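Participant: Mind folding the following:
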Amino acid sequence: MTTASPPISIYRDSQYLTNGFMCLNVDYFCYISQMDQFPYWRADLGDFRRVTLITINTRPGQESQFEMIEISLGNSSEYNNPLFASFTGPATPSSNVDFQPENPVTGRYLQVQSRVPELTIIAMCDIQIFT
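Facilitator: Take a look at the predicted model:
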């Protein structure tokens with residue numbers, strides 16, 4: 001199950017990150033949030049998982065809109081969990097950004113959040129969670 005900051009359109013919904021395939025069509029199938037302060041994407045992994053690596057594919061075609069990203073993972077359904085890994089960026093368009101902690105982290109509730117201090121968007125086309 002996923003939740004997120006509101007998408008900019010129905011074609012940018014948060015479910016597209018976890019639908020089982022990656023589509024690099026710039027017009028569809030990437031999650032893109034509305035302008036927001038600290039936009040986020042969240043997932044309930046359904047059970048406690050030992051996560052070793054998270055890879056996120058950024059949006060192709062334009063400036064990345066993927067910078068100052070923090071991923072947290074833990075046991076709190078309130079999503080106030082410890083930092084898993086971070087990325088300063090900005091990422092280049094259509095690139096894979098790896099988030100890997102020093103040691104595997106176990107948790108159920110995952111959050112990807114932009115920490116850019118002004119209004120911004122977050123754009124992601126695919127997420128892979130390695131257990």
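
Participant: only C-alpha atoms for contact and neighbour calcs from this point on.
Facilitator: Fine.

Participant: Give me the longest strand you can find in this protein.
Facilitator: Criterion DSSP state E: the longest strand present in the chain is strand 40-51.

Participant: In contact with the closest residue to Val112 other than its chain neighbours, which residues are there?
Facilitator: Leaving aside its sequence neighbours, Val112 sits nearest to Ile71 (CA to CA, 6 or more residues apart in numbering; 4.6 Å). Applying CA atoms under 8 Å, 6 or more residues apart in numbering to Ile71 gives the contacts Leu83, Phe84, Ala85, Ser86, Phe99, Leu110, Gln111, Val112, Gln113.

Participant: how far away is the third one from Leu119?
Facilitator: When CA to CA, to the nearest Å is the yardstick, Ala85 and Leu119 sit 22 Å from each other.

Participant: Ok, Val51 next?
Facilitator: For Val51, the distance to Leu119 - CA to CA - is 30 Å.

Participant: neighbour count winner among those two?
Facilitator: Under the criterion of other CA atoms under 10 Å, the comparison of Val51 against Leu119 puts Val51 first, with 19 against 12.

Participant: right, and that one touches Pro104 too?
Facilitator: Yes: between Val51 and Pro104 there is a contact at 5.5 Å, judged by CA atoms under 8 Å.

Participant: how far away is Asn80 from Asn96?
Facilitator: 26 Å.

Participant: Comparing these two, which shows the higher neighbour count?
Facilitator: Taking neighbours as other CA under 10 Å, Asn80 and Asn96 compare with Asn96 leading, 18 against 14.

Participant: what residues are up against that one?
Facilitator: Counting by CA under 8 Å, 6+ apart, Asn96 touches Thr55, Ile56, Asn57, Thr58.

Participant: Quick one: name whatever helix or strand follows the strand or helix carrying the third one.
Facilitator: Yep, that's Asn57 we're talking about. With elements taken from DSSP states H and E, the one containing Asn57 is strand 53-58. Downstream of strand 53-58, the next assigned helix or strand under DSSP H and E is strand 69-74.

Participant: All set now, cheers.
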